[in-house]
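1. Dropping a prediction and its sequence here:
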Amino acid sequence: MEHINNYVEANKERFLDELFGLIRIPSISSIKDHKPDMYKAAEYWKQTLLNSGVDKAEIYETDGNPVTYAEKITDPALPTVLVYSHMDVMPVDPINLWDSPPFEPEIRDGKIYARGADDDKGQGMMHAKAFELMIKTDTLPCNVKFMIEGEEEIGSPNLGKWCEQNKEMLKADVILVSDTGMIAPDIPSITIGLRGLAYWQVEVTGPDKDLHSGIFGGAVANPINVLCSMIDKMVDDQGKITIPGFYDDVMEVSAEERELLGRAPFNEDEYKKAINVDELKGEKGFTPSEHTGIRPSFDVCGIWGGYTGEGAKTVLPSKAFAKVSTRLVPNQDHHKIADLFKKHFESIAPKSVKVKVTSLHGGQGYVCPIDIPAYKAAEKAYTDVFGKRPVPVRSGGSIPIISTFEEILGIKSVLMGFGLESDAIHSPNENYPLEQFYNGIKTIPLFYKYFAEMSLKK
């Protein structure tokens, strides 16, 4: 452990400089104008990994954004760890809510503020620097492969096909991912479950053009009013989603597992205070932690239509739009849910409007067993660095490609996240504590050590 601490301390400023160079690339995968930035990020990752000590690094084309792949094969007889991360980030809107430019990283109060500081450039860079540490200190105990993709924030629509085409190259014993979080800086945790996701855009059309709201209002259906009414019907007063067949495949969690998951510290008052709300809401019969960990949810992610400019304009709009999503639990198939939502949403539309539902992306849920060597190695690594045994948790978030990895590559993933709930990922003023960044670099080499030892004992 001493050699790890010494190396991090001696190189911490350089680590930050390299991370900041990556952050400054506005690699927003959902905006087509940023396509060139995806290639800049891919090249930056290639050079970073080559400088860190891999044998080779290449940029691969997909049907969408590029993938950076690299490897260090020390001995084919040794175990192989495949590190997964993503180079793309979320859009920065609303830009006026940022306290500093989102692609110009700034350190305030011991935190890095920038888009991608946590998700996932900060957490991804931890792996590159942990790998470098093992190379420079001659302590790398196994083979390592890196796969850095450019479409995670839009559901990884092309990575599955790329993995299928490169199965031999991607062979490994475990996939190591840092794209999740911990309960608190002093309460380490390992994510053992992820929710799946189904995401749509809906379009409601009334008249064939915008109308005068005085002359036509009250006689012609307003698409925004209709859309709001339809969305309101999607969840009942018990917090249950009303789509017929939605819960057919939901895997109910046993009382024993609910008790185990319930051991994770949770203070409802602090939770509400952190997000500045007076009351929580969710499905009846479940706790707030269970609402996000083991139950599905339905949310409107954006809604628009009509006139939203300065001042007033008396208009009855022709169209209204919304982006909506459901978070799914393991065993729910996102393709099936996508079809169920489309059929149901179209069926409840009044004849006064036309409805179009477009599926944007989705992914399956994932569960990691806590008795496999990789989980136990992660557990020991966290314990060494944080002084506490990590708590297993199920996350409310989704990483759709994780279940795809298991399906195509036949490999389990271990989710060693170091982010915090306060990091504001996907939001203005995203941040990442320096302490978490450095602790991640210290923890990851220990995972390799213990995983190699456990794997070779089998």
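-> Now that the structure is in, tell me what you want to look at.
2. so where do the helices sit in this structure?
-> Secondary structure of the chain (DSSP state H): helices located at 2-23, 35-52, 121-136, 159-165, 213-216, 223-232, 255-261, 268-275, 288-293, 334-347, 373-386, 401-409, 434-457.
3. List the residues that contact the closest residue to V220 other than its chain neighbours.
-> Spatially, and ignoring its direct neighbours in sequence, V220 is nearest to P207 (5.8 Å; C-beta to C-beta, 6 or more residues apart in numbering). For glycine as for every other residue, the C-beta is placed from the backbone atoms N, C-alpha and C. With contact set as C-beta atoms under 8 Å, 6 or more residues apart in numbering, P207 has these partners: 216, 220, 316, 318.
4. Then V8?
-> 15, 133, 438, 441-442.
5. about what we covered before: export the contacts of P207 as a markdown table, with columns for neighbour count, distance to D248 and pLDDT.
-> Shown next, in a markdown table, are the contacts of P207 (neighbours: other C-beta atoms under 10 Å; distance: C-beta to C-beta, whole Å; pLDDT from 0 to 100):
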| residue | neighbour count | distance to D248 | pLDDT |
| --- | --- | --- | --- |
| F216 | 16 | 42 | 97 |
| V220 | 14 | 38 | 97 |
| L316 | 24 | 40 | 97 |
| S318 | 16 | 37 | 98 |
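6. Now do the domain split for the protein, please.
-> As recorded under automatic domain parsing, the domains making up the chain are 2-194+365-457, 196-250+296-363.
7. okay, how far is it across the first one, tip to tip?
-> Same thing as domain 2-194+365-457. 25 Å (C-alpha to C-alpha, to the nearest Å).
8. Give me the average confidence score over it.
-> Mean pLDDT, domain 2-194+365-457: 96.
9. picking up where we left off before, looking at the helices of the chain, which is nearest to A70?
-> helix 35-52 (4.1 Å; C-beta to C-beta).
10. Can you point out the buried residues in that closest one?
-> Neighbour counts using 16 or more other C-beta atoms under 10 Å place 37-42, 44-46, 48-49, 52 of helix 35-52 among the buried residues.
11. From those residues, pick the one nearest V353.
-> Closest to V353, out of all of the buried residues of helix 35-52 and judged by C-beta to C-beta, is M38, at 37.7 Å.
12. How much space separates the closest one from S403?
-> Taking C-beta to C-beta, to the nearest Å as the measure, M38 falls 24 Å from S403.
13. Likewise for K72?
-> 27 Å.
14. now swap in F386 and tell me
-> Applying C-beta to C-beta to F386 and S403 gives a distance of 28 Å.
15. for D88, same thing?
-> 19 Å.
16. Those two: who's more crowded?
-> A count of neighbours by other C-beta atoms under 10 Å puts D88 above the other of D88 and S403, at 25 against 21.
17. what's the distance between that one and M38?
-> In terms of C-beta to C-beta, D88 sits 7 Å off from M38.
18. swap in K351?
-> 44 Å.
19. can you tell me which residues contact I25?
-> 37, 40-41, 44, 103.
20. of all those residues, which comes closest to E346?
-> The closest of those, once distances to E346 are taken by C-beta to C-beta, is D37, at 37.2 Å.
21. Could you check how many residues crowd around the residue nearest to that closest one when sequence neighbours are not counted?
-> In this structure, D37 finds its nearest non-sequential neighbour in S27, 4.7 Å apart by C-beta to C-beta, 6+ apart. By other C-beta under 10 Å, the residues close to S27 number 29.
22. hang on, S27 packs against E43?
-> No - assessed by C-beta atoms under 8 Å, S27 is found out of contact with E43, at 11.1 Å.
23. okay, and the common contacts of these two?
-> Common neighbours of S27 and E43 (C-beta under 8 Å, 6+ apart) do not exist.
24. And stretch 379-398, how far out from the chain middle?
-> Relative to its chain's centre, stretch 379-398 lies at 17 Å (C-alpha atoms, centre = their mean, to the nearest Å).
25. nope, stretch 120-132 is what I meant
-> Worked out by C-alpha atoms, centre = their mean, stretch 120-132 lies 16 Å from the chain centre.
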